[in-house]
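Student: Predicted model, plus sequence, below.
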Amino acid sequence: MTIHARRDVPALPDLVFNAAADPSRLASWLPGPHEVVGRSDDVLILRGGGSVDEGQRQVQLAADYDRLLLTWEPLADEGCRGELRVSLAGAAGSVAELTVDGCPDEQFAARFLEALANEVEQNLTAG
């Protein structure tokens, strides 16, 4: 099932995108039950995710910094795929749009965007 979510973030698009695309930063705010347990270049090793077997799975990240587009694909046949697009909204705000497919957790997209917005607001913006 494909799920789409959208969230306004009061920060410039580059800040929002960098918080999502940087694997080490992503590991600090990724919402549970997902957990980054390792990484190698553009591959993340995740644990959790609401599946029957809470084992580890690998996903490959692809970040297009020019288009502010982050995609991830599972390296196995099954798993959650996603596409995050960040764009300018107003003078100093952003809109983050996330489309996921194959995720067993129907609330993942909304929780992901909420956690991303919280990370940006708490740790990357002045004030």
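Tutor: Thanks, I have the structure now. Numbers count the residues shown, from 1 in each chain.
Student: Now do the contacts for Glu73.
Tutor: 59-60, 62, 81 (Cβ atoms under 8 Å, 6 or more residues apart in numbering). C-beta here means a position set from N, CA and C on the backbone, and glycine is covered the same way.
Student: ditto for Glu119
Tutor: Glu119 makes contact with 19, 25, 28-29, according to Cβ under 8 Å, 6+ apart.
Student: what would those residues look like in CSV with pLDDT, secondary structure and distance to Trp72?
Tutor: Formatted as CSV, the contacts of Glu119 follow (pLDDT from 0 to 100; DSSP: H, G, I helix; E, B strand; the rest coil; distance: Cβ to Cβ, whole Å):
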residue, pLDDT, secondary structure, distance to Trp72
Ala19, 93, helix, 15
Arg25, 86, helix, 15
Ser28, 86, helix, 17
Trp29, 88, helix, 15
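Student: hmm, back to that, can you tell me which of the contacts of Glu73 end up in helices?
Tutor: Among the contacts of Glu73, none falls in helices (DSSP state H).
Student: Of those, which is the most crowded?
Tutor: Neighbour counts for the contacts of Glu73 peak at Val59, which has 22 neighbours (criterion: other Cβ atoms under 10 Å).
Student: Cross-check the contact I'm expecting between it and Leu46.
Tutor: Yes: between Val59 and Leu46 a contact is recorded at 6.3 Å, counting by Cβ atoms under 8 Å.
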